[in-house]
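In: sequence and predicted structure below; questions after.
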Amino acid sequence: MVENGNYTLRASPVAGVGGTYATSNGTFKIVTTAAQGPSSFGRQTWKITAVEGKKDTYTIVLLHGHDISLGGSWSLKDNKAVPHGPIITTEEVIEWHITPTNNEIPNTYYIQPITKAVGASYYVGTDEDNQVVINVIPGILLPPDIEAYWQFL
């Protein structure tokens, strides 16, 4: 269970110091990963909030000053029955399934879109262009073999 709060989301693998973090690029723009620094200041803190009455279900919204509504919520760029493609931020607040990895690295979680699609599992990860995307995992591969996870700091 994730505590409601404000977090930076460090992309896996997360061993050691440094790393890259989920970074907003504006509403209706693709979320990417970037190192922490002056150019990403104010675009890497996300408010994670549990959805009341729904187990392991949360919203992910950019914390933007004192008004989180200005930052945008994680959403699928192409919201189809089978999740795919990059994650963007939108004005509409979307729900995500977040569960602990139970690996040796503290505060690590899987983030998944909520879907009824079968035959595979869908995890939020990154691609070679540093975009935050849906990774499709064949149905036979189960944790701890999944490498698409995030450390909440």
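Out: In hand now; what should we look at?
In: which residues does I88 form beta bridges with?
Out: I30, S75 (DSSP bridges).
In: need the contact list for it.
Out: When contacts are counted by Cβ atoms under 8 Å, 6 or more residues apart in numbering, I88 is found next to F28, K29, I30, V31, G72, W74, S75, L76, K77. Where C-beta positions appear, they are placed from N, C-alpha and C, glycine not excepted.
In: thinking the fourth one is in contact with N130, fair?
Out: Think V31. No: V31 lies out of contact with N130 (Cβ atoms under 8 Å); the separation is 10.0 Å.
In: now the helix or strand of the chain with the lowest mean pLDDT: buried residues?
Out: Using mean pLDDT, DSSP states H and E, the weakest-scoring helix or strand in the chain turns out to be strand 132-138, at a mean of 88. Counting neighbours by 16 or more other Cβ atoms under 10 Å, one finds that the buried residues in strand 132-138 are V132, V133, I134, N135, V136, I137.
In: show me how far that strand is from its chain's centre.
Out: The gap between where strand 132-138 is centred and where its chain is centred comes out at 12 Å by Cα atoms, centre = their mean, to the nearest Å.
In: for the helix or strand that comes right after it, give the mean pLDDT please.
Out: Stepping forward along the backbone from strand 132-138, the first helix or strand reached (DSSP states H and E) is strand 150-152. Strand 150-152 shows a mean pLDDT of 95 in the predicted model.
In: quick one: which of V31 and N130 has more around it?
Out: V31 (28 against 15; other Cβ atoms under 10 Å).
In: show me the contacts for the more buried one.
Out: Here V31 is in contact with A22, T23, S24, N25, W74, P86, I87, I88, T89, Q131, V132 (criterion: Cβ under 8 Å, 6+ apart).
In: so which of those is the closest to N103?
Out: A22 (19.0 Å; Cβ to Cβ).
In: nearest residue to the closest one other than its sequence neighbours?
Out: L9 (4.1 Å; Cβ to Cβ, 6 or more residues apart in numbering).
In: R10 bridge partners, please.
Out: In beta-bridge terms (that is, DSSP bridges), R10 pairs with Y21, Q151.
In: wait, doesn't it sit right on T20?
Out: Yes: assessed by Cβ under 8 Å, R10 is found in contact with T20 at 7.2 Å.
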